[in-house]
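[1] task: produce atomic coordinates for the following.
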Amino acid sequence: MAKKTIAFLTSGITDGLTREAFKGIEAAAENDDVNFITVPVKYIGRDFTGLPDKYEYQYEITANFLKKENVSGLIVAADYIGCLTTREVLVRFMENLPDVPIVLMASKIPGYAGVTFDNTKGIKDALEYLYTRYGTTKIGMLGGPEGNSDADERKVAYLEFLQDHGIEFKENWFVESDLTVRCRPEAEKLLQQFPDVEAIFCVNDDTAIALYDVMKNRGLEPGADIKVFGFDNSVAGSLLNPSLTTIDAGVYDLGGYAYKMLKRKLEGEHLENEMLPTRFICRDSFGSINEAVKFSVDKVLDKGRLGGLFDQLFYRFRECDSEESEEIREDFIHIMEEIIDIIGAHDRDEARIRRLKHNIRAFLKEGALDYTDYDELVPFIERLQAEMLTKIDDCEGKQIIYEVVESLYKSIIKVQNNNNVKDDEYVGNLMNSMKALVRDSLNFSYANDLSYLELIAHLDWMNIKNAYLYIFDKPIVHLQNEVFNVPETLNLKAVLKDGVPESVPFSKQRIPSAKVFSNEETAEDDHSLVIMPLHFGDTVYGIIVHELTEMTFKNGEFLTNQLGTAARMIDILRVNNDVQKQLEDSIAVMRQHNIELDKLSRNDVLTGILNRRGFNDNAPAIIHENLDMGHDVLFLYIDMNNLKIINDRFGHEEGDFSLKTISHILADVIDERGIVGRIGGDEYAMIYCGLLNEKELNDRIKATFDAFNKHSDKPYNISVSCGFCRISSDNRRITLEEAMSVADRDLYIAKQNKDNRIVKTRSRRA
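    Below you'll find the model as predicted:
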């Protein structure tokens, strides 16, 4: 199979199902040479009335970057993307996708093949448990929108169960929701119109979370007052109190199966819709978990069934790579075999017991607890202990069993305590990283390419090593329900390669929109990428394409929101720069009428040296004159260090003094060997035509400032950082703008080692 690029279209990047499904896709393609692009388009056609983020629709534009030229096939979680809209809108969305092979995941749309869950068996098993064990007949349903295939099929399973058991369905037993945790009003409505409800089936775990909140506000306890179960087996559901009974729908398996189907379709096979099984998981929201018979006695102490026992207890290990899963699986089986052998042995030596305890501790330290539910594990331990005690009738043997089980519980508690400490450290580090991103991504005062470089220079906290920042020529105002027309080309302003940020040369920035995932600036081994919009409100500034990491699934939306805000600020500064240029151009018109005004239009009012216009007018002639004589020319981009701190601490008058001083010093250094100009704010440009090389000139500039600071009576030091670009006859075709871009990148490196000795230190008097 030749190398292909597969796009996975899903809802939000931070949605739990996206992570699980993608992990399944990635695992299924482990041995294939294939690249993946995750495209989180959120929820198309959503009504944002009353919602806090009414511009969430901007995520939809990411799908428009998919072209027949850059993707080989699509896996589309259509019903997740379209769960809040009509079927017509969803079908229209599908029809606008590239004409490449498509497989649906957890969705059914005529004309498309796909894989879905069995929305019947697990649900009916749960309902049967309620009916048989508790005699429950008053069962309500918090469902999903009509037209959503999963929600429709789950409602049918619910209605069929009622009919099969002679239970009359009433209209007030069912309320439609939007499938999200925001459906509290719908949950409230169901409880109001069905006051004597005994159990509620929630169409997914998110709606169950909303129901929990409403019930607790009413003083109702899930499991005790009303039995509740959901669908999806999300981590959030298992962490509820009481833990949520649910249907394990195996999104991980679903994603993997969807990829395998797409692979078959790419190989020319004709596909029909296929289905995966589901499993009923009983937890505390059905009452005391110990009432649920999870493991029969013969399974617990039968060596031949230990593999199946592991699969049931640690079912989340199917999401791990096969090597890791198999190793921990073998450790579990070995421990259980040891327990079974010790129970049957007449000679129970202490060394063997110590080894067993050690193996149990090692097994739990390997992280096995991350892949089970305590509501599954604890009843198993209790049943295991009870069964072991029935096999032994001597006091010494029973004491050994108590010791082993006690050691098991202690090990579990210790692992949990360690995990809690790690979680606290993780949250603390995460908050610091987020604060640093907010600070650093907005720490600029002038709009240039280095500003964009700052946006991706601090992504290590998300473990992102490769990222590509694309900016439109002009921001695009995109209103909801409007067609978004992707520009033919975008500007690749900055890249992150193997953790190293780089500014892209001006001559290489223009990239066709069909090549935003792969071009000469992207890394060759980018196997898993995600595309996110850079927007602020109704305005889109560009996109970021970056490596997909675990942290992306947790904080990807925070990242893109922050970068979108920063892109807006850069654009505002750019507009301000344009206004300044227009002002300078307007002054130039007055040159015809007054020579003094002409001089004013070319010179900086504050410092008296050339301004941007004056420098740009004079620089080209000086450069070419020296090149014609065979002399190299140095172009310098110079930036004052710490102007903001001097302004804030000593006042803006001292800041103005610093800018004037820099102008005078640079003019003295350059003398008659070039020109210097203040081109904006605290930035200067210089053309040097003398005999000094870059290092010698940089040293002279530094020494001149050091001498000034030594004899100055000011309480602060004044210093600058310099970036260089050498212009020789070999590259004489380079434009002034390109020379400035090269020097700008060199300045960025110099700023990393800038002089931060701002306030002068004074020796104490004796």
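[2] how far away is Glu403 from Thr10?
    49 Å (C-beta to C-beta, to the nearest Å). (Glycine included, C-beta is placed from N, CA and C.)
[3] show me which of those two is the more surrounded one.
    Thr10 (25 against 13; other C-beta atoms under 10 Å).
[4] so Asp206 makes contact with Glu186?
    No. If you go by C-beta atoms under 8 Å, Asp206 and Glu186 don't touch, sitting 11.9 Å apart.
[5] those two - which one has more neighbours?
    For Asp206 and Glu186, the more surrounded residue by other C-beta under 10 Å is Asp206, and the numbers stand at 25 against 18.
[6] ok, residues contacting the helix or strand encompassing Asp746?
    For Asp746, the host element (DSSP states H and E) is helix 736-752. Outside helix 736-752, the residues within contact range by C-beta atoms under 8 Å, 6 or more residues apart in numbering are 448-450, 453, 503, 505-507, 616, 619-620, 623, 635-639, 641, 685, 721-725, 727, 734.
[7] least trustworthy helix or strand in the chain by mean pLDDT?
    Using mean pLDDT, DSSP states H and E, helix 297-300 stands out as the lowest-scoring helix or strand of the chain, at a mean of 53.
[8] please report phi then psi for Glu502.
    With angles defined as degrees, to the nearest 10, Glu502 sits at phi -140, psi 140.
[9] 27 is where my numbering starts, stick with that
    In the new numbering, first residue 27, that becomes Glu528.
[10] and it, what are its bridge partners?
    Counting by DSSP bridges, Glu528 forms beta bridges with Val521.
[11] thought it was touching Lys519?
    No. Taking contacts as C-beta under 8 Å, Glu528 lies outside contact range of Lys519: 10.5 Å.
[12] still on that earlier bit, now do the buried residues in the helix holding Asp772.
    Residues of helix 762-778 classed as buried: 762, 764-774, 776 (neighbour count, 16 or more other C-beta atoms under 10 Å).
[13] closest one to Arg208 out of those residues, please.
    Tyr774 (44.0 Å; C-beta to C-beta).
[14] ok, then the element right after the least confident helix or strand of the chain?
    Criterion used, DSSP H and E; the element after helix 323-326 is helix 332-339.
[15] what comes into contact with the helix or strand just after that next one?
    Per DSSP H and E, helix 332-339 leads on to helix 348-370 as the next helix or strand towards the C-terminus. If you take C-beta under 8 Å, 6+ apart as the criterion, helix 348-370 is touched by 327, 329, 332-333, 335-336, 340, 343-344, 374, 378-379, 381-382, 385-386, 388-389, 392-394, 410, 414, 417-418, 423, 426-427, 430.
[16] from Pro513, how far off is the nearest residue to Arg113 once chain neighbours are set aside?
    Distance criterion C-beta to C-beta, 6 or more residues apart in numbering; nearest residue to Arg113, sequence neighbours excluded, is Gly173 at 4.2 Å. Separation of Gly173 from Pro513 (C-beta to C-beta) stands at 34 Å.
[17] and what of Phe62?
    For Phe62 relative to Pro513 (C-beta to C-beta), the value is 24 Å.
[18] do the same with Ser539
    Distance from Ser539 to Pro513, by C-beta to C-beta: 6 Å.
[19] which of these two has more neighbours?
    A count of neighbours by other C-beta under 10 Å puts Ser539 above the other of Ser539 and Pro513, at 17 against 14.
[20] doesn't Asn511 make contact with that one?
    No. Judged on C-beta under 8 Å, Ser539 makes no contact with Asn511 at a distance of 10.2 Å.
[21] show me what contacts Val67?
    Leu35, Thr36, Ser37, Tyr85, Glu86, Thr88, Ala89, Ile107.
[22] go through those residues and flag which are in strands.
    Leu35, Thr36 (DSSP state E).
[23] looking at the contacts of Val67, which has the most residues close by?
    Ile107 (27 neighbours).
[24] pLDDT score for that residue?
    On pLDDT, Ile107 comes in at 92.
[25] mind listing what it touches?
    Applying C-beta under 8 Å, 6+ apart, the residues near Ile107 are Leu35, Thr36, Ser37, Val67, Lys68, Tyr69, Ile70, Leu116, Phe119.
[26] run through the stretch 327-476 of the chain and note the low-pLDDT ranges.
    Within the stretch 327-476 of the chain, the set of residues satisfying pLDDT under 70 comprises 338, 341-352, 371-374, 396-397, 399-402, 404-405, 442-473.
[27] now the helices for it?
    With helices called from DSSP state H, counting those that start in this stretch, the stretch 327-476 of the chain shows them at 332-339, 348-370, 376-391, 400-417, 421-467, 475-482.
[28] just the strands in the stretch 127-276 of the chain please.
    128-131, 139-143, 165-169, 200-202, 225-228, 253-255, 272-274 (DSSP state E, counting those that start in this stretch).
[29] ok, back up a step: drop anything exposed from the contacts of helix 348-370.
    327, 332, 335-336, 340, 343-344, 379, 382, 386, 389, 394, 410, 414, 418, 423, 426-427, 430.
[30] list the contacts for Phe676?
    Pro741, Tyr742.
[31] so how far is Asp708 from it?
    15 Å.
[32] same deal with Gly245?
    63 Å.
[33] give me the more crowded residue out of those two.
    Asp708 (21 against 7).
[34] pretty sure that one sits against Ile672.
    No. At 9.9 Å, Asp708 and Ile672 do not qualify as touching, with contact defined as C-beta under 8 Å.
[35] roughly how far is stretch 503-522 from the heart of the chain?
    Averaging C-alpha positions (C-alpha atoms, centre = their mean, to the nearest Å) puts stretch 503-522 20 Å from its chain's average.
[36] first vs last residue of that stretch, how far apart are they?
    28 Å (C-alpha to C-alpha, to the nearest Å).
[37] pLDDT averaged over it - what is it?
    93.
[38] one more: stretch 485-499?
    91.
[39] in it, which residues are buried?
    Buried residues in stretch 485-499, counting neighbours by 16+ other C-beta under 10 Å, are found at Leu485, Trp487, Met488, Ile490, Lys491, Asn492, Ala493, Tyr494, Leu495, Tyr496, Ile497, Phe498.
[40] keeping just the C-alphas, turn that stretch into CSV.
    Below are the C-alpha coordinates for stretch 485-499, written out as CSV (Å, rounded to 0.1, in the frame of the first residue of the first chain):
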residue,chain,number,x,y,z
LEU,A,485,4.8,24.8,22.5
ASP,A,486,7.1,22.4,24.4
TRP,A,487,4.6,22.3,27.3
MET,A,488,2.2,20.6,24.9
ASN,A,489,5.0,18.2,23.7
ILE,A,490,4.6,19.7,20.2
LYS,A,491,7.8,19.4,18.2
ASN,A,492,6.5,20.3,14.8
ALA,A,493,4.1,23.1,13.9
TYR,A,494,3.3,25.3,10.9
LEU,A,495,1.7,28.8,11.2
TYR,A,496,-0.1,30.0,8.1
ILE,A,497,-1.5,33.6,7.8
PHE,A,498,-3.9,34.9,5.2
ASP,A,499,-2.9,37.9,3.1
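[41] surely His553 meets Ile63?
    No. The criterion here is C-beta under 8 Å, and His553 misses it with Ile63 at 10.3 Å.
[42] which one's more surrounded, the two?
    With neighbours defined as other C-beta under 10 Å, His553 and Ile63 compare such that Ile63 has more, 25 against 15.
[43] for the more buried one, helix, strand, or coil?
    Classification of Ile63 using DSSP: H, G, I helix; E, B strand; the rest coil returns strand.
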